[in-house]
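**Student:** requesting a structural model of the entry that follows:
(one chain, ligands or ions: 1)
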Amino acid sequence: MENILLSAFDTAPFSQIKTTDYEPAFNEAIKQAKAEIQQIITNTDAPTFENTIEAMSFSGMQLDRISNIFFNLNSAETNEELQKIAQIVAPKLSAFGNDISLNPELFKRVKQVFDTFDKSTLTTEQITLLDKTYKGFVRNGALLNDDQKTELREIDAQLSVLSLQFNENVLAETNAYQLHITNEEDLAGLPDGVIEAAKNLAEQQEKSGWIFTLDYPSYLPFVTYAKNRELRKEIAIANGKKGFQKNDYNNEEIVLKIVKLRNQRAQLLGYKNHAAFVLEERMAQNPEKVLSFLNDLLVKAKPAAKKEFEELTAYAKKLDGIDRLEKWDGSYYSEKLKQERFNLDDEALKPYFKLENVLNGSFTVAEKLFGLHFTEVFTVDKYHADVQTFDVTNDNGEKIALLYTDFFPRKGKRNGAWMTSFKSQWIKNDVNERPHISIVCNFTPPTQSKPSLLTFNEVTTLFHEFGHALHGMLANTTYPSLSGTSVYWDFVELPSQIMENWVYQPETLALFAKHYETGETIPQQYINKIKESANFLEGMATLRQLSFGLLDMAWHSKNPENIGSLKEFENQEFETTKLYPDVAENVMSTAFSHIFAGGYAAGYYSYKWAEVLDADAFDYFEQNGIFNKEIATKFKDFVLSQGGTDHPMTLYKKFRGQEPSPNALLKRAGLI
Ligand SMILES: [Zn+2]
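**Tutor:** Numbers count the residues shown, from 1 in each chain. Here you go, the predicted structure:
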């Protein structure tokens with residue numbers, strides 16, 4: 001019986017795949033990919049760019065297609081069987097990855113090409129591929145001697161255990177606490193839905209009253225809306241001491257161990273510190289640049305933040321006689337002040353944002369900017385009835401991409417919104433293989449009486465994911481590993497975030513924000529309110545992001561051997577960014593999962609970095625007209641179509657004519 005996944009298919013053959021096909025298909029495709037690598041190693045010809053680097057880039061293509069289909073479905077349409085297969089397949093894939101990246105014979109060939117090949121015969125993209133391939137080995141320790149290699153493996157093993165422990169401790173601390181309310185008066189201020197969820201939680205535990213936890217969907221509404229200040233204080237302090245109590249779940253030692261090991265690892269590989277190791281493969285390039293980036297923003301945003309903090313303090317004083325604004329007051333009074341100032345009601349906006357209209361709006365924007373045309377097609381195989389498929393063509397009628405959209409929540413789809421691909425783009429034997437891109441969201445579904453009406457937040461989410469999709473769809477590179485969104489990590493949010501800017505423009509909203517019943521265009525006063533409220537207390541929010549970025553950089557660029565007390569270290573690092581009084585029993589680092597258990601070590605700055613890029617890039621459009629064809633073409637030619645074929649700063653400068661400046665962001669945020 002034929003396994004459809006091992007056949008040559010173009011669009012993913014969803015309806016013909018049986019769940020039992022996956023595992024054997026993975027096994028066979030891994031075997032094929034290994035054989036392809038083996039062929040490169042045993043080639044008796046001297047290593048060249050073509051027979052080694054290029055051959056590696058085009059190896060394992062069937063495995064990639066199977067992986068894309070499987071893991072995309074495991075996110076968007078999963079079930080227990082798929083999850084079980086994922087458990088079996090994931091270690092096999094990582095073992096296969098290690099087989100390549102730790103293979104000394106393969107590295108020998110790569111190194112020989114890297115050291116001796118005449119680079120003047122290569123294109124920029126080829127040089128990038130060569131560097132990336134070589135560095136991939138070196139950053140894994142390929143240049144180390146055997147003792148050092150053993151040391152590196154030991155550090156890696158310890159680090160992976162410590163990260164897991166860190167996470168488990170945070171989770172245990174999160175679960176260990178709950179705020180049990182039995183007096184109805186203590187619920188004052190909370191929205192009905194929040195109260196209902198708290199009641200359900202209590203019922204699940206067969207308790208009377210209402211229960212709030214440190215899970216964000218429970219915690220955030222409580223500190224934002226609960227009038228009872230003492231209870232806000234209690235839950236906020238409980239949240240702030242996760243991993244910082246004298247119990248089995250204390251993370252202080254773990255944090256110090258992690259930063260020491262990371263530093264040791266970086267130095268073993270020849271880098272000054274962990275931040276230098278990480279940033280080598282980032283647009284920002286090095287710790288000095290990130291620090292000056294963060295500190296420059298800090299100097300500019302701080303006066304606004306201080307002024308906002310004073311305003312908020314005065315407001316709390318006027319409203320409730322609060323003398324000293326504490327951390328547990330911030331969200332509460334911010335929300336109150338925001339309501340008072342803007343009174344922006346999501347429900348009033350939603351009728352202007354019917355999903356079909358918004359999606360067509362994003363298509364129209366792409367047509368005006370990049371000459372793309374979207375036509376729904378009904379002949380492409382889908383994995384769920386909710387999925388829609390669109391043929392994307394250019395002005396010459398040439399096929400650019402296939403776009404899948406999948407918008408509504410259901411059992412088996414994970415939360416959030418994302419863009420992904422079922423097939424990437426590449427050029428081989430003069431054939432430009434066009435990509436199959438997908439956007440998956442969890443929007444408000446339609447009801448019997450109403451179509452799907454989006455909140456403004458959902459509208460920006462759609463444009464955001466559509467921006468990632470454009471990056472994928474307009475890809476025009478030779479090698480699949482450099483195509484589309486395969487770019488440095490602090491560059492990948494530029495195409496997505498820049499698209500959000502169009503949503504705030506009256507010219508864009510006039511295209512699609514029409515009342516679903518009356519056809520009336522969204523009133524200008526709503527647009528103004530949306531714009532103003534987007535910048536509300538932006539100085540304080542900026543300072544907060546900068547404080548996290550600076551703390552992250554301090555952990556990963558200062559000598560960890562000199563760090564004594566975690567609390568002292570933190571207080572020292574927060575000195576320039578702090579607004580609220582310190583809470584003695586709280587710290588940030590022992591629950592800072594982004595950097596100690598996630599992928600954000602020496603990377604937290606990238607949130608702000610991406611904002612600076614998108615504001616600076618959009619400013620260029622605004623100066624020349626937001627639908628200016630010439631600027632759009634530059635953006636397409638130098639950014640969207642280029643993927644990771646060149647350093648992002650080079651690509652950006654080709655588009656913009658200069659390096660990004662933070663001024664556009666500061667202006668947009670109303671900070672200067
Ligand atoms: Zn994104």
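
**Student:** excluding chain neighbours, what is closest to the spatially most central residue of the chain?
**Tutor:** The residue lying closest to the centre of the chain (CA atoms, centre = their mean) is Glu493, at 7.4 Å. Distance criterion CB to CB, 6 or more residues apart in numbering; nearest residue to Glu493, sequence neighbours excluded, is Ala610 at 3.8 Å. C-beta here means a position set from N, CA and C on the backbone, and glycine is covered the same way.

**Student:** just the pLDDT for the one you found.
**Tutor:** Looking at Ala610, its pLDDT is 96.

**Student:** for it, give me phi and psi.
**Tutor:** phi -60, psi -40 (degrees, to the nearest 10).

**Student:** contact partners for it?
**Tutor:** For Ala610, the contact set (CB atoms under 8 Å, 6 or more residues apart in numbering) comprises Asp490, Glu493, Leu494, Gln497.

**Student:** for this protein, what's the longest helix?
**Tutor:** If you go by DSSP state H, the chain has its longest helix at helix 287-320.

**Student:** list the buried ones in that helix?
**Tutor:** 287, 290-291, 293-294, 297-298, 300-302, 304-305, 308-309, 312-313, 315-316 (16 or more other CB atoms under 10 Å).

**Student:** same question, stretch 390-407
**Tutor:** If you call a residue buried by 16+ other CB under 10 Å, then stretch 390-407 has these buried ones: Phe390, Asp391, Val392, Thr393, Ile400, Ala401, Leu402, Leu403, Tyr404, Thr405, Asp406, Phe407.

**Student:** surely the third one touches His373?
**Tutor:** When you say that, I think you mean Val392. Yes - judged on CB atoms under 8 Å, Val392 makes contact with His373 at a distance of 7.1 Å.

**Student:** how is the chain carved up into domains?
**Tutor:** Residue ranges for the domains of the chain, per the TED database: 4-143, 177-241, 253-343+539-602, 351-502+606-669.

**Student:** now do the shortest one: distance to the chain's middle.
**Tutor:** The gap between where domain 177-241 is centred and where its chain is centred comes out at 29 Å by CA atoms, centre = their mean, to the nearest Å.

**Student:** quick one: mean pLDDT over it.
**Tutor:** Mean predicted lDDT for domain 177-241 stands at 96.

**Student:** equivalent analysis for stretch 665-672, please.
**Tutor:** Mean per-residue pLDDT for stretch 665-672: 92.

**Student:** end to end on that stretch, go ahead and measure it.
**Tutor:** 9 Å (CA to CA, to the nearest Å).

**Student:** follow-up on the earlier one: who are the neighbours in contact with the residue nearest to the centre of the chain?
**Tutor:** The contact partners of Glu493, by CB under 8 Å, 6+ apart, come to Ser606, Ala610, Leu613, Asp614.

**Student:** who wins for neighbours among those?
**Tutor:** Greatest neighbour count in the contacts of Glu493, by other CB atoms under 10 Å, goes to Leu613: 27 neighbours.

**Student:** that's a helix at that one, yeah?
**Tutor:** Yes - assessed with DSSP: H, G, I helix; E, B strand; the rest coil, Leu613 lies in a helix.

**Student:** how much space separates it from Lys667?
**Tutor:** Separation of Leu613 from Lys667 (CB to CB, to the nearest Å): 15 Å.

**Student:** how about stretch 355-370: buried residues?
**Tutor:** For stretch 355-370, a neighbour-count test (16+ other CB under 10 Å) marks 355, 357-359, 361-366, 368-370 as buried.

**Student:** rebuild these as JSON lines, extending it with pLDDT.
**Tutor:** Shown next, in JSON lines, are the buried residues of stretch 355-370 (pLDDT from 0 to 100):
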{"residue": "Leu355", "pLDDT": "98"}
{"residue": "Asn357", "pLDDT": "98"}
{"residue": "Val358", "pLDDT": "98"}
{"residue": "Leu359", "pLDDT": "98"}
{"residue": "Gly361", "pLDDT": "98"}
{"residue": "Ser362", "pLDDT": "98"}
{"residue": "Phe363", "pLDDT": "98"}
{"residue": "Thr364", "pLDDT": "98"}
{"residue": "Val365", "pLDDT": "98"}
{"residue": "Ala366", "pLDDT": "98"}
{"residue": "Lys368", "pLDDT": "98"}
{"residue": "Leu369", "pLDDT": "98"}
{"residue": "Phe370", "pLDDT": "98"}
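
**Student:** would you turn the residues you listed into TSV with secondary structure and distance to Asn429?
**Tutor:** Listed next are the buried residues of stretch 355-370 as TSV, based on DSSP: H, G, I helix; E, B strand; the rest coil; distance: CB to CB, whole Å:
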residue	secondary structure	distance to Asn429
Leu355	helix	41
Asn357	helix	42
Val358	helix	40
Leu359	helix	36
Gly361	helix	39
Ser362	helix	34
Phe363	helix	32
Thr364	helix	36
Val365	helix	35
Ala366	helix	30
Lys368	helix	35
Leu369	helix	31
Phe370	helix	27
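
**Student:** perfect, that will be all.
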